[in-house]
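Asks: Turn this into a model:
(one chain, ligands or ions: 1)
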Amino acid sequence: MNKTIQTVQKNSPYLQLGLIVGLLITILWTAIYLDLQRSRAELYSKSERDLSNLALAFGKEIESSVKTIDLSLLDLRQYWRGNPGDFGAAVRNRQAYLKKELAFQVAIIGPDGILLFSSLEQPSTPIDLSDREHFRVHQVRSTDELYISKPVLGRLSKQWSIQFTRPIYDKDDRFAGVIVLSVSPEYFYRFYRSINLPADAAISVLRDSGEILARYPDPGVALGKSMSNAPFMGPMAREEGTFRRISQFDGIERLYAWRKIGEYELDVVIGYSIKGIFAPYGEQRSRYIAVGILLSLLLLLVGYLKLITTRQQQNAARKLAENEERWRVALEAAGDGVWDWNVAQERVIFSNGWKTMLGFLPEEIGTGLDEWKKRVHPDDMAKTMQDVMEHFSGKTKFYANEHRVRCKDGGWKWILDRGMVIQRDKDGNPLRMVGTHTDISSRKEMEQTLNKLATTDALTELSNRRHFLERLNNELARIKRYPGTHASVLMADLDYFKKINDTYGHAVGDAALKHFSTLLRGTARQSDFLGRLGGEEFGVLLTGTDVSEAKKFSDHLCTALRESPLKVGELSIPITVSIGLTRLKFTDTDVEQALHRADMALYEAKRLGRDRAVTNCE
Ligand SMILES: Nc1nc2c(ncn2[C@@H]2O[C@H](COP(=O)(O)OP(=O)(O)OP(=O)(O)O)[C@@H](O)[C@H]2O)c(=O)[nH]1
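Replies: Numbers count the residues shown, from 1 in each chain. Now for the predicted structure:
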């Protein structure tokens with residue numbers, strides 16, 4: 001289970017990349033698919049609109065053509081009634097007049113169905129047309145209405161024609177025959193030829209009952225045939241509409257629009273081939289697919305390159321992590337703590353080494369920079385941050401600082417903190433810094449012990465001569481920097497000390513030295529500096545003190561010692577001290593000049609009888 005989770009986590013960047021590329025390709029192809037669908041639907045609806053408009057226009061044109069024919073029919077019928085003898089000439093007149101618009105033939109059928117007149121040729125033998133539908137319709141009908149026949153093959157002309165007929169009545173309104181105006185089906189589609197229709201377009205004029213009067217193109221295939229089951233047929237059919245189907249004549253699938261010419265019970269149907277309608281869609285689809293494939297390949301390529309880069313980065317990161325782990329382990333084993341500081345986020349990863357060093361459990365210290373800051377000794381903080389900043393600014397190649405850190409038990413440990421910035425931004429600002437914490441408490445203790453030994457007199461625990469002179473030099477430097485300030489130097493020498501040694505022994509002599517040191521320490525201020533210059537001779541530096549103040553202090557010291565004899569068992573040994581004092585002058589070239597003046601004053605004090613202080617103001 002854990003192994004599976006680890007594998008998924010390890011592979012998650014690849015998985016994410018794969019998902020992103022997959023998603024982008026899916027989005028791309030979905031967009032292509034939807035846009036193609038939209039184009040297809042748009043083309044279809046645009047064709048529907050175009051076809052409906054064309055059906056309307058053609059319908060109007062057919063209506064007007066039929067009206068022209070009907071007018072001619074009425075006119076000729078009128079003429080036949082009045083002048084049957086001149087009828088042939090009248091027909092020829094009208095044929096000549098209308099020949100450009102309308103080529104037609106005229107026939108008159110008598111009430112018995114026998115052909116009485118034909119503009120083609122007068123029949124030599126009687127021709128019986130009583131079986132023809134256009135005759136029988138008027139024979140049984142009692143109304144004067146135009147009848148349009150389905151195309152018929154003329155018995156005389158041997159040509160296909162459509163018969164436009166009206167009944168003829170005699171003076172008594174009795175049926176007297178039928179006048180027939182034959183028109184070539186071409187009359188209906190002559191107009192379409194002049195229009196630039198798309199390839200595979202088809203236009204038909206039909207009777208409501210389905211018989212095709214004219215069709216373009218290929219008029220021949222449809223003549224004498226009927227269309228069946230079309231949505232515009234039947235009593236409930238709408239005035240206009242569209243439908244889609246495979247042509248029964250040429251097998252081409254088309255989108256059709258129809259328009260009814262109700263007055264004449266005719267229909268105009270116009271269709272565009274589905275292939276033609278969707279031809280631009282096919283081209284667009286090919287272009288889109290090519291672009292889609294190209295973009296998909298591009299995405300896959302980008303994904304592949306990203307995959308390689310990610311893999312390289314992961315390998316580099318893994319190697320780095322391994323290296324880091326190696327040195328971390330090595331340093332931890334050496335007893336050091338390791339830290340890794342994300343400077344911008346103020347987050348630090350502290351290894352367990354540092355936490356253990358301070359007595360904490362690993363989980364007791366978090367990853368905030370504050371975890372470190374709040375534990376650093378306040379006196380060490382300023383210097384520590386100064387060292388950090390100097391390294392940040394590039395002033396130092398490495399960061400190193402010794403500071404105290406508070407432990408869990410409240411005690412302090414000296415830590416040697418070392419590190420360096422390993423990552424900076426383009427402006428050189430630090431981003432990441434790593435380093436170590438080493439516990440140097442014992443070394444510090446030893447240093448302090450050694451320092452104490454090197455600077456302190458073992459018997460009295462006052463500063464030794466070297467350290468006292470060092471301090472005196474510092475004070476002289478300060479006086480020289482600030483000439484208005486004061487400082488006084490005292491040289492104190494126990495009186496007749498040899499006698500104490502000689503009388504009570506060396507140990508009592510030592511006790512006397514300690515006794516005076518204790519008294520001196522109790523009398524001096526915190527800021528004063530005390531030293532044993534050698535034997536029974538002591539030095540005192542009174543900072544910020546002029547000679548008159550120093551004299552008072554010296555007198556007080558003499559009195560105090562005089563009034564505090566050394567107690568050894570039952571013995572009470574009186575001890576006195578002589579003091580020579582002078583002021584530290586900014587004109588002194590070195591401390592020896594001041595010490596010499598004090599020594600002279602001490603000599604004078606001894607000479608004057610001891611147990612006193614003498615000032616040398618030269
Ligand atoms: N017990 C003891 N004696 C010391 C120490 N250092 C020096 N002495 C002794 O101190 C004595 C100093 O004697 P002197 O220099 O003659 O001075 P004094 O006897 O105090 O006489 P005046 O200074 O003139 O008052 C010597 O006998 C030294 O041996 C020490 O550390 N311990």
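Asks: switch to C-alpha atoms for all contacts and neighbour counts from now on
Replies: OK.
Asks: what's downstream of the top strand by length along the chain, the next helix or strand?
Replies: Secondary structure of the chain read by DSSP state E shows that its longest strand is strand 412-424. The first helix or strand that comes after strand 412-424 along the chain, using DSSP states H and E, is strand 430-439.
Asks: What pairs with that next one, parallel or antiparallel?
Replies: strand 337-342 (antiparallel), strand 412-424 (antiparallel) (DSSP bridges).
Asks: Redo these as TSV? Include distance to Ser393 and mean pLDDT.
Replies: Formatted as TSV, these follow (distance: least, C-alpha to C-alpha, whole Å; pLDDT from 0 to 100):
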stretch	distance to Ser393	mean pLDDT
strand 337-342	16	89
strand 412-424	10	93
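Asks: out of these, deepest packed?
Replies: Comparing the strands paired with strand 430-439 by mean neighbour count (mean count of other C-alpha atoms under 10 Å), strand 337-342 comes out on top with a mean of 22.
Asks: Measure how far that one is from the centre of its chain, please.
Replies: Here strand 337-342 is found 31 Å from its chain centre; the criterion is C-alpha atoms, centre = their mean, to the nearest Å.
Asks: Next secondary structure after that strand?
Replies: For strand 337-342, the succeeding helix or strand toward the C-terminus, using DSSP H and E, is strand 347-350.
Asks: tell me what that next one is packed against?
Replies: The helices and strands touching strand 347-350, judged by 3 or more C-alpha pairs under 8 Å, 6 or more residues apart in numbering; DSSP states H and E, are strand 337-342.
Asks: near the ligand, which residues of this protein show up?
Replies: 494-499, 501, 506-507, 509-510, 535-536 (C-alpha under 6 Å from any ligand atom).
Asks: Which of these ranks first by neighbour count?
Replies: Of all the residues of the chain next to the ligand, the highest neighbour tally under other C-alpha atoms under 10 Å goes to Leu494, namely 21 neighbours.
Asks: ok so, going back, quick check: the farthest pair among the residues of the chain next to the ligand?
Replies: Spanning the widest gap among these are Asp495 and Ala507, at 17.0 Å by C-alpha to C-alpha.
Asks: Give me the neighbour count for Ile20.
Replies: 14.
Asks: let me redo that: Phe468
Replies: Other residues close to Phe468 by other C-alpha under 10 Å number 23.
Asks: hang on, it in a helix?
Replies: Yes. Judged by DSSP: H, G, I helix; E, B strand; the rest coil, Phe468 forms part of a helix.
Asks: Tell me which residues touch it, please.
Replies: For Phe468, the contacting residues are Phe529, Leu530, Gly531, Arg532, Leu533, Gly539, by C-alpha atoms under 8 Å, 6 or more residues apart in numbering.
Asks: Please tell me the pLDDT value assigned to it.
Replies: You'll see Phe468 listed with a pLDDT of 97.
Asks: Same check on Phe188?
Replies: The model's pLDDT for Phe188 equals 76.
Asks: Leaving out chain neighbours, which residue sits closest to it?
Replies: Leaving out its chain neighbours, the residue that sits closest to Phe188 by C-alpha to C-alpha, 6 or more residues apart in numbering is Ala214, at 6.3 Å.
Asks: Next: Asn352.
Replies: Of all residues not flanking Asn352 in the chain, Pro362 sits nearest, at 5.6 Å (C-alpha to C-alpha, 6+ apart).
Asks: what sits against the one you found?
Replies: For Pro362, the contact set (C-alpha under 8 Å, 6+ apart) comprises Asn352, Lys355, Thr356.
Asks: Touching, the second one and Leu361? I think so.
Replies: Yep, that's Lys355 we're talking about. Yes. Contact criterion C-alpha atoms under 8 Å: Lys355 and Leu361 qualify, at 6.5 Å.
Asks: what about the residue nearest to Phe188, helix or strand, and which?
Replies: Going by DSSP H and E, Ala214 is in strand 212-216.
Asks: for that strand, packing partners?
Replies: With contacts taken as 3+ C-alpha pairs under 8 Å, 6+ apart, strand 212-216 sits against helix 186-193, strand 202-207, helix 219-222.
Asks: Tell me which stretches of the stretch 251-400 of the chain form helices.
Replies: Listed in chain order, the helices found in the stretch 251-400 of the chain under DSSP state H, counting those that start in this stretch are 274-277, 279-333, 352-357, 370-373, 378-392.
Asks: Counting by contacts, list what the second one packs against.
Replies: Okay, so that is helix 279-333. Helix 279-333 packs on helix 2-82, strand 337-342, going by 3+ C-alpha pairs under 8 Å, 6+ apart.
Asks: Low-confidence stretches in the protein?
Replies: The model of the chain has pLDDT under 70 over residues 1-11, 123, 155-157, 193-194, 324, 327-335.
Asks: Domain boundaries for it, per the record?
Replies: Here the domain parsing of the chain from automatic domain parsing is 334-446, 456-615.
Asks: Now do the strand holding Ala214: everything it contacts.
Replies: With contact meaning C-alpha under 8 Å, 6+ apart, strand 212-216 is reached by 150-151, 162, 185-186, 188-189, 192, 202-207, 222-227.
Asks: just the helices in the stretch 51-200 of the chain please.
Replies: Taking DSSP H, counting those that start in this stretch as the criterion, the stretch 51-200 of the chain carries its helices at 87-98, 133-140, 186-193.
Asks: So which of the helices and strands packed on helix 279-333 has the densest surroundings on average?
Replies: Comparing the helices and strands packed on helix 279-333 by mean neighbour count (mean count of other C-alpha under 10 Å), strand 337-342 ranks first with a mean of 22.
Asks: Can you report how many residues neighbour Gly505?
Replies: Residues near Gly505, counting by other C-alpha under 10 Å, number 12.
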